[in-house]
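In: predicted model and sequence below, questions to follow.
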Amino acid sequence: MSEFRGCELPEELFYDLDYVWVRPEGEGVFSIGVTDPAQTMSGRLQKARIKKLGTRIEAGRHVATLESGKWAGGVPVPFAGVVVDRNEALLSDPHLVNIDPYGDAWIARIRADDPEHALDNLHTGPEAIEALQAWIKRYDVQCMRCSD
């Protein structure tokens, strides 16, 4: 895993180069979450709303809305699909995103309509890490994890 200014940036994930990560889970299903630098910028999350199972989502539409004391925003899905799982733990404790954004705090799992092309607009590996480092520099982020 790469680290830059305290921000964890797993090379194996796919990124929209803004604040969403995607992990293939197999059988056309993908987990979605927010990056470490994004959770840092948002502040301590206080509320999470996640679409219900079976909800159909078009590419670019939000699967969830996260809110902190200083920020509220949607979590877009980079491909069309259906919500097949959601992280129920985040509904009662959204602060988990601030603690473990790539592990226990995944937001939703989406079954892509077209799994072969679901990752076409995302980036991974060294290219993604370099672009995310530029994002961190641009916004002058120094990542830190909130405690429990």
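Out: Yep, that arrived.

In: tell me where the chain has helices.
Out: Assigned by DSSP state H, the chain shows helices spanning 36-42, 88-92, 96-99, 125-138.

In: any chance of those helices in JSON lines, plus distance to residue 75 and mean neighbour count?
Out: Any C-beta I mention is one placed from the backbone N, CA and C, and that applies to glycine too. Supplementary listing: the helices of the chain in JSON lines, determined by distance: least, CB to CB, whole Å; neighbours: other CB atoms under 10 Å:
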{"stretch": "helix 36-42", "distance to residue 75": "9", "mean neighbour count": "24"}
{"stretch": "helix 88-92", "distance to residue 75": "11", "mean neighbour count": "14"}
{"stretch": "helix 96-99", "distance to residue 75": "10", "mean neighbour count": "22"}
{"stretch": "helix 125-138", "distance to residue 75": "16", "mean neighbour count": "15"}
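
In: closest to residue 7 out of those helices?
Out: Each of the helices of the chain was scored for nearness to residue 7 using CB to CB, and the closest is helix 36-42 (4.6 Å).

In: using CSV, write out every CA atom in that closest one.
Out: What follows is the C-alpha trace of helix 36-42 in CSV, where atoms were taken according to Å, rounded to 0.1, in the frame of the first residue of the first chain:
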residue,chain,number,x,y,z
ASP,A,36,-8.7,8.2,2.9
PRO,A,37,-8.0,11.8,1.7
ALA,A,38,-11.7,12.3,1.1
GLN,A,39,-12.7,11.0,4.6
THR,A,40,-10.1,13.4,6.1
MET,A,41,-11.4,16.4,4.2
SER,A,42,-15.0,15.6,5.2
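
In: identify all contacting residues around it.
Out: 7-9, 18-20, 34, 45, 66, 68, 70-71, 73, 97-98, 101-102, 132, 135-136, 139, 141-144 (CB atoms under 8 Å, 6 or more residues apart in numbering).

In: alright, that wraps it up for me.
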